[in-house]
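Undergrad: Next input, structure requested:
(chains A and B)
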Protein chains: 2
Amino acid sequence: MSLKHVGKQSVQLTAPPSFIGYASAVGRKEGEGPLGSAFDYVSDDMLFGQKTWEKGESEMVRRALELALGKANKQPEDIEYLFGGDLLNQCIGTTFGIRSFGIPFFGVYGACSTMAESLSLAAMMIDGGFADTAAAVTSSHFCSSERQYRFPVEYGGQRTPTAQWTVTGSGAAILAHEGPGPFITRITAGKIIDAGIKDANNMGAAMAPAAYDTLRTHFSDLALNPSDYDLIITGDLGQVGSEILLDFFLRDGVNLAPNYNDCGLMIFSRETQDVHSGGSGCGCSASVLNGYILDGMRSGRWNNVLFAATGALLSPTSTQQKESIPSICCAVAISNTK
Amino acid sequence: MSLKHVGKQSVQLTAPPSFIGYASAVGRKEGEGPLGSAFDYVSDDMLFGQKTWEKGESEMVRRALELALGKANKQPEDIEYLFGGDLLNQCIGTTFGIRSFGIPFFGVYGACSTMAESLSLAAMMIDGGFADTAAAVTSSHFCSSERQYRFPVEYGGQRTPTAQWTVTGSGAAILAHEGPGPFITRITAGKIIDAGIKDANNMGAAMAPAAYDTLRTHFSDLALNPSDYDLIITGDLGQVGSEILLDFFLRDGVNLAPNYNDCGLMIFSRETQDVHSGGSGCGCSASVLNGYILDGMRSGRWNNVLFAATGALLSPTSTQQKESIPSICCAVAISNTK
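TA: Residues are numbered from 1 along each chain as shown, chains lettered A, B, ... in the order given. Have a look, this model is predicted:
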């Protein structure tokens, strides 16, 4: 077993890379939510000035990456590798969004866990000596997702109480070997966990067992406790999934609640924004991390954050074929000290 | 710039990981082709014993990975990380195929370049000290691809002369820090290249500029010549794309032809198998590499192979929206000596 690999599926980085720039671009509803002031760019226009929602999503990705590069004071040619993906079929939100930058690209797909997966790979590329600077980007868009996964928005379909609202948002991060922090210090990759949930309108319940598996493994692999983090944050379990996750830990005698939150619960007001169980989508955890969370770390509000983004690896085809929902969770520890 | 990073977008591995097991599973048509005897498993049944083509593709993936593990004499729990993806929406061929193994998973999407991308990341995980053993798997299936990208096969749509035939195949590779070889020695990640081609029935032409860009960069980054390889093999440019690639190099005064071939031209007989411009799909280069090519390296037929898989990053939605086809090519150098 190699030195950096710890326990079953975790990694302890030896030269933790630093965030040197990060940015988020979101839609109007996200801008009107509780975290509105933390986003770098809020578009009043769901099309982001384009002719289709898919092209709009790509424009949002382009803008988030451009903003992050600007904040890192880097040009595209300074970035050795870019990791990214999104929810659209064949990840076209990302590929068309980054097309003009000319950065060597590794496409990834982890559904709504994509930001954690991209950050993990970018961080390991730097820690492993393959790059000095690498980037991660992902996105989701309410309208492009609805028509791909569920119904065209014009249809006005009813949503179940367990359903979540796909965030229109993109987050981008630039990591480097040297920088002011915060730093990525530890990574726990996820296994696919399928608890047999078949309701595609209840992805929180499908993903909660994956979050539980990865978090529990993270603590055990690295001999850590939840109290070693100021904040443990899941990607987008929403109200239903978050309650299940807390319940799983309670059964182990662990009360995660005091320092736990979920990006899907933070980004919208469930009281006033009619989002049912909360927000979801790759862009949910990506925009919350690359804004509110990293801002909060730089201001000293939190010093050690465990970012555990979750993904439901289903497709409309698998649902039509009566398959259950395989899920995954990738955890990235972010610290103000190396 | 870090030590392992060479030139613009290449990596020279310092402790080249070894293939310790590899396998392929394919459909009947592939089994009847010129490379038929090199595949580990040929199914007479396009459904691979399942009820749908998508489930059949997943079963093919499961079988390829199981065979590769067996040939490597490894159990799933010995594999620290698995990289994989496929052409199906949300990569369900892979996620449902590997679900039962319980291996920590990083999903990737590089269209038909996915095997090269997965191998690159798996190799860097090992070289970087994050894993001792890692795996790569990908697949494509003619029937699941046709109905997703073009027409249901029952419709019997006419195909254009430039069209390629999606390979029904899966390839899996197990890499380790120690092993008998062949070894992965160098990697050149691809940039997205979009030459403005909009014809989704001519993906060879769309991908050829990406293959040219990555290969040219590989040679220049690493101060190599095409003659440093016994075999330079692209993923699935087919007849049209291969001719364009050779022409691009001829304009630079470089004759690639003597040691060049394309997996899409090798896997089928264009004379007898009615595949128009050749084979394509993630499973094309994956099954040709994880069988015929690696067998040929172990037998000493080739000692230095440059495996340059190509991907067209389009979707049916992007085509409907009149977008051009962004393409990418990832190159992996495989050698019998470290």
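
Undergrad: Over in chain A, which residue gets nearest chain B? Let me know.
TA: Proximity of chain A to chain B (CB to the nearest CB) peaks at A:Gly128, 2.4 Å away. Any C-beta I mention is one placed from the backbone N, CA and C, and that applies to glycine too.

Undergrad: which ones are touching that residue?
TA: Neighbour list for A:Gly128: B:Lys4, B:Met124, B:Met125, B:Asp127, B:Gly128, B:Gly129, B:Phe130 [criterion: CB atoms under 8 Å, 6 or more residues apart in numbering or on different chains].

Undergrad: Now render these as TSV, adding pLDDT.
TA: Shown next, in TSV, are the contacts of A:Gly128 (pLDDT from 0 to 100):
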residue	pLDDT
B:Lys4	94
B:Met124	98
B:Met125	97
B:Asp127	97
B:Gly128	96
B:Gly129	95
B:Phe130	97
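
Undergrad: Which member of these is positioned nearest A:Ile328?
TA: B:Met125 (17.1 Å; CB to CB).

Undergrad: That closest one sits in which helix or strand?
TA: helix B:114-127 (DSSP states H and E).

Undergrad: can I get the CA coordinates of that helix in CSV?
TA: Provided in CSV are the C-alpha atoms of helix B:114-127 (Å, rounded to 0.1, in the frame of the first residue of the first chain):
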residue,chain,number,x,y,z
THR,B,114,-12.6,7.1,-22.5
MET,B,115,-10.2,4.2,-22.4
ALA,B,116,-7.2,6.4,-22.9
GLU,B,117,-8.5,8.9,-20.4
SER,B,118,-9.3,6.2,-17.8
LEU,B,119,-5.9,4.6,-18.3
SER,B,120,-4.2,8.0,-18.0
LEU,B,121,-5.8,8.8,-14.7
ALA,B,122,-5.4,5.3,-13.3
ALA,B,123,-1.7,5.4,-14.2
MET,B,124,-1.1,8.8,-12.6
MET,B,125,-2.9,7.6,-9.5
ILE,B,126,-0.4,4.9,-9.2
ASP,B,127,2.7,6.9,-10.3
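
Undergrad: That one and chain A in contact?
TA: Yes: counting by CB under 8 Å from any CB of the partner chain, contacts between helix B:114-127 and chain A involve B:Glu117, B:Ser120, B:Leu121, B:Met124, B:Met125, B:Ile126, B:Asp127.

Undergrad: Give me the contact status of the helix or strand just after that helix with chain A.
TA: Using DSSP H and E, the helix or strand that directly follows helix B:114-127 along the chain is strand B:133-140. No: using CB under 8 Å from any CB, strand B:133-140 stays clear of chain A, with a minimum separation of 9.7 Å.

Undergrad: List the strands paired with strand B:133-140, with their directions.
TA: strand B:81-86 (parallel), strand B:169-176 (antiparallel) (DSSP bridges).

Undergrad: Can you add distance to A:Lys74, mean pLDDT and mean neighbour count and give those strands back as JSON lines?
TA: Below are those laid out as JSON lines (distance: least, CB to CB, whole Å; pLDDT from 0 to 100; neighbours: other CB atoms under 10 Å in any protein chain shown):
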{"stretch": "strand B:81-86", "distance to A:Lys74": "27", "mean pLDDT": "98", "mean neighbour count": "30"}
{"stretch": "strand B:169-176", "distance to A:Lys74": "32", "mean pLDDT": "98", "mean neighbour count": "32"}
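
Undergrad: Output those strands as a markdown table; include the columns distance to A:Gln75.
TA: Formatted as a markdown table, the strands paired with strand B:133-140 follow (distance: least, CB to CB, whole Å):
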| stretch | distance to A:Gln75 |
| --- | --- |
| strand B:81-86 | 29 |
| strand B:169-176 | 34 |
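
Undergrad: quick one, which of those is nearest to B:Leu250?
TA: Here strand B:169-176 is closest among these (CB to CB), at 30.9 Å.

Undergrad: Touching the helix or strand following that closest one from outside, list them.
TA: Going down the chain from strand B:169-176, the next helix or strand is strand B:183-188, by DSSP H and E. Around strand B:183-188, the neighbours that count as contacts under CB under 8 Å, 6+ apart are B:9-13, B:16-19, B:119-120, B:123-124, B:175, B:214, B:217-218, B:221-222, B:330-338.

Undergrad: Now do the helix or strand just after strand B:183-188, average pLDDT.
TA: With elements assigned by DSSP H and E, the helix or strand that comes after strand B:183-188 is helix B:203-221. Per-residue pLDDT over helix B:203-221 has a mean of 98.

Undergrad: In helix B:203-221, which residues are buried?
TA: Judged by neighbour count using 16 or more other CB atoms under 10 Å in any protein chain shown, the buried positions of helix B:203-221 are B:203-215, B:217-219, B:221.

Undergrad: quick one: contacts of stretch A:39-54?
TA: Contacts of stretch A:39-54 (CB under 8 Å, 6+ apart): A:23-28, A:30-31, A:36, A:55-60, A:63-64, A:67, A:71, A:88, A:92-93, A:96, A:141-144, A:147, A:168-169, A:287, A:291, B:317-318, B:321.

Undergrad: what's the average pLDDT for that stretch?
TA: For stretch A:39-54, mean pLDDT rounds to 97.

Undergrad: in it, what's buried?
TA: A:Phe39, A:Asp40, A:Tyr41, A:Val42, A:Ser43, A:Met46, A:Leu47, A:Phe48, A:Gln50, A:Thr52, A:Trp53, A:Glu54.

Undergrad: any idea how far it is from the chain center?
TA: The chain centre lies 20 Å from the centre of stretch A:39-54; the measure is CA atoms, centre = their mean, to the nearest Å.

Undergrad: what's the answer for stretch A:147-161, then?
TA: On CA atoms, centre = their mean, the centre of stretch A:147-161 falls 23 Å from that of its chain.

Undergrad: Over to stretch A:92-111?
TA: With CA atoms, centre = their mean, you get 16 Å for stretch A:92-111.

Undergrad: Just the terminal-to-terminal distance for it.
TA: For stretch A:92-111, the first and last residues are 13 Å from each other (CA to CA, to the nearest Å).

Undergrad: That stretch near chain B anywhere?
TA: Yes: with CB under 8 Å from any CB as the criterion, chain B is reached by stretch A:92-111 at A:92, A:95-96, A:98-99, A:102-111.

Undergrad: Could you tell me which of the residues you listed are located in helices?
TA: Of those, the ones assigned to helices by DSSP state H are A:Ile92, A:Thr95, A:Phe96, A:Ile98.

Undergrad: Nearest to A:Ala163 among those residues?
TA: When these are compared against A:Ala163 (criterion: CB to CB), the nearest one is A:Ile92, at 24.2 Å.

Undergrad: Now A:Ala200. Nearest residue, chain neighbours left out?
TA: Spatial nearest neighbour of A:Ala200, chain neighbours left out: A:Thr319 (4.7 Å); criterion: CB to CB, 6 or more residues apart in numbering or on different chains.
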